[in-house]
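Undergrad: Return a 3D structure for these sequence lines:
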Amino acid sequence: MRLRALTREDNNELRKLHSKQNLYPFPDLSSPLYCIQRVIEDNGQVLGAALVHLTCEVSLVIDPDLSKITKARVLNEIFKSLFSQIDHYGLSDVHIFVVPETNKEFADLLIKNFGFARTPGIALERWYAK
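TA: All right, here's what the predicted structure looks like:
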């Protein structure tokens, strides 16, 4: 097996593999946000690919004792500014993890008022220490 950089010639084969999964739209590989694109092959046959996409995560630190109305106003001011700055950097998606998972009310507020959506699948993460 050999890991190598993705080329244009791999596009059709990757689309075939992707169509077997049918989980999400095929990624726009011309986007510079896909900063790492690697293919693994064996004897010239493409077995899969790894496509690393730059994304962003919002971490919020807000006084939990605020009233619902004040909390909503704080979030409104924060997101008005953040979303325009995120657009400035050309990022295409924003993630926010609501913990504890039982905080459905806060998650619903983010969905209803700020355009967030529940994600399909299981969110996993890995931290890298420098």
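Undergrad: what does stretch 56-69 rub up against?
TA: Stretch 56-69 is contacted from outside by 71, 74-75, 78, 82, 86, 89, 91, 93-97, 109, using CB atoms under 8 Å, 6 or more residues apart in numbering. No exception for glycine: its C-beta is placed from N, CA and C like everyone else's.
Undergrad: Where do the helices of this structure begin and end?
TA: Using DSSP state H, the helices assigned to the chain run over residues 11-21, 68-88, 104-114.
Undergrad: And the furthest pair within the contacts of stretch 56-69?
TA: With CB to CB as the measure, no two of the contacts of stretch 56-69 lie farther apart than K71 and Y89, at 26.4 Å.
Undergrad: Between these two, which is the more surrounded one?
TA: K71 (16 against 9; other CB atoms under 10 Å).
Undergrad: What residues does that one make contact with?
TA: Per CB under 8 Å, 6+ apart, neighbours of K71: I62, L109.
Undergrad: show me the contacts for I96.
TA: With contact taken as CB under 8 Å, 6+ apart, I96 is in contact with E57, V58, S59, L60, L110, F116.
Undergrad: and the gap between it and P64?
TA: When distances are taken as CB to CB, to the nearest Å, I96 and P64 turn out to be 16 Å apart.
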